[in-house]
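Asks: take a look and give me a structure for this.
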Amino acid sequence: MSEQLTQQTNELTDEQRAAWVRTQFQKANEYLATKGIIPDNVAVSESRYLPPLVAIWKLNTRDAKSFWVISGDLPTDHMPLSAAPNAREAMRSFALHWQLKAEQIAQAGFSDQTQVDFANLLVKRAEGLYDLFDNEQLWQGQ
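Replies: Sure, this is the predicted structure:
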């Protein structure tokens with residue numbers, strides 16, 4: 001996984017990386033806005049980006065709340081800051097949450113193909129996130 005990630009990241013120019021990060025930041029902010037949460041600022045030093053796969057944002061609101069938000073080549077999602085002490089643990093928390101959500105969808109016995117496809121996507125992305133969480137090279141210096 002890390003070899004593939006390194007190759008994908010190396011294929012991006014600095015300009016492409018910066019554009020990807022800006023796009024993901026906008027995506028995270030817009031997502032929170034749809035949930036009625038208005039971000040005030042981002043804790044850049046605590047956020048992590050792995051272009052073109054995933055970004056984990058620590059976003060703070062005007063009412064002194066903070067959230068982890070995940071965006072990238074996966075479903076955009078959020079959780080309260082209290083769910084994880086840092087971006088790495090937030091990644092693991094998202095992975096576990098998505099596996100549980102996929103299991104709930106499967107147990108509900110939906111015959112709707114859209115729900116089945118979503119559950120399969122969650123499982124696949126959760127496995128990928130856990131691989132990233134488990135990759136010590138990515139987290140050196142955190």
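Asks: going forward, measure contacts between C-alpha atoms and count neighbours the same way
Replies: Noted.
Asks: what about the spatially most central residue of the chain, which SS state?
Replies: In the chain, the C-alpha closest to the average C-alpha coordinate belongs to Ile70, at a distance of 2.5 Å (C-alpha atoms, centre = their mean). The three-state label given to Ile70 by DSSP: H, G, I helix; E, B strand; the rest coil is strand.
Asks: ok, it - contacts?
Replies: Counting by C-alpha atoms under 8 Å, 6 or more residues apart in numbering, Ile70 touches 28, 54-57, 76-78, 91.
Asks: tell me which of those residues fall in helices.
Replies: 28, 91 (DSSP state H).
Asks: would TSV of the contacts of Ile70 with distance to Gln113 and neighbour count be doable?
Replies: Converted to TSV, the contacts of Ile70 look like this (distance: C-alpha to C-alpha, whole Å; neighbours: other C-alpha atoms under 10 Å):
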residue	distance to Gln113	neighbour count
Ala28	27	25
Val54	26	22
Ala55	28	25
Ile56	29	26
Trp57	31	26
Thr76	21	17
Asp77	22	15
His78	25	21
Met91	27	26
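Asks: roughly how far does the residue nearest to the centre of the chain sit from Ala55?
Replies: 6 Å (C-alpha to C-alpha, to the nearest Å).
Asks: ok, now Gly141?
Replies: 17 Å.
Asks: how about the strands of this protein, start to end?
Replies: Secondary structure of the chain (DSSP state E): strands at 39-42, 48-50, 54-61, 66-72, 77-80.
Asks: which among those is found nearest to His97?
Replies: strand 77-80 (9.9 Å; C-alpha to C-alpha).
Asks: give the rounded mean pLDDT of that closest one.
Replies: On average, the pLDDT along strand 77-80 is 98.
Asks: stretch 87-100 too?
Replies: According to the model, stretch 87-100 has a mean pLDDT of 97.
Asks: and if you look at stretch 50-67?
Replies: 95.
Asks: residues making contact with that stretch?
Replies: Under C-alpha under 8 Å, 6+ apart, the answer for stretch 50-67 is 8-9, 17, 20-21, 24-25, 28, 37-44, 46-49, 68-74, 78-81, 87, 90-91.
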